[in-house]
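S.K.: Kindly generate the corresponding structure for this input.
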Amino acid sequence: MFYVYILECQDKTLYTGYTVDLDNRLLAHNQGQGAKYTRGRLPVKLVYQESLDSKSEAMKREISIKKLSRKEKIDLIFNMQKNRRTLCHLK
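M.R.: Numbering: from 1, shown residues only. A predicted model of the protein is given here:
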């Protein structure tokens, strides 16, 4: 399984990446061992994630998310969180 994720940095900027181990990647980012972009913007928090079946799919999705405007990324995050709340409510 591969994951595409969006982090919110301390300065409220958004960082998008992909990984096979989301927990370890988030830990690495917050220990200053992640991407150069996030090192000076700690701490970061996970605000969005998707799971995909292949590295190729994950890389393509990462690129497509990176091309989105900030507003489009925020809408993506909001819609994912809204869907999760709805699903939890239905259980």
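S.K.: residue ranges of the helices in this protein, please?
M.R.: Counting by DSSP state H, the chain has these helices, from start to end: 22-30, 36-39, 55-66, 70-90.
S.K.: Run a quick neighbour tally on residue 73.
M.R.: As a burial measure, residue 73 scores 19 neighbours (other CB atoms under 10 Å). Placement of C-beta: from N, CA and C, glycine included.
S.K.: Any figure for the gap between it and residue 50?
M.R.: Distance of residue 73 to residue 50, computed by CB to CB, to the nearest Å: 13 Å.
S.K.: rewinding a little: which one, of the helices of the chain, ends up nearest to residue 8?
M.R.: helix 70-90 (8.4 Å; CB to CB).
S.K.: model confidence over that closest one, on average?
M.R.: Per-residue pLDDT over helix 70-90 has a mean of 74.
S.K.: Save the helices of the chain as TSV, and put in distance to residue 14 too.
M.R.: Shown next, in TSV, are those (distance: least, CB to CB, whole Å):
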stretch	distance to residue 14
helix 22-30	13
helix 36-39	10
helix 55-66	9
helix 70-90	5
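S.K.: for the ones you listed, which one sits closest to residue 5?
M.R.: helix 22-30 (6.2 Å).
S.K.: Can you tell me which helices and strands that closest one packs against?
M.R.: Packing partners of helix 22-30 (3 or more CB pairs under 8 Å, 6 or more residues apart in numbering; DSSP states H and E): strand 2-8, strand 14-19, strand 45-52.
S.K.: Over to residue 12: give its phi and psi.
M.R.: Here is the backbone geometry of residue 12 (degrees, to the nearest 10): phi 70, psi 10.
S.K.: Which pLDDT value does the model give it?
M.R.: pLDDT, residue 12: 95.
S.K.: And residue 27, what's its pLDDT?
M.R.: Taking residue 27 on its own, its pLDDT is 95.
S.K.: Quick check: it vs residue 61, distance?
M.R.: Taking CB to CB, one finds residue 27 at 22 Å from residue 61.
S.K.: Same question for residue 40.
M.R.: 26 Å.
S.K.: Brilliant, that's me finished.
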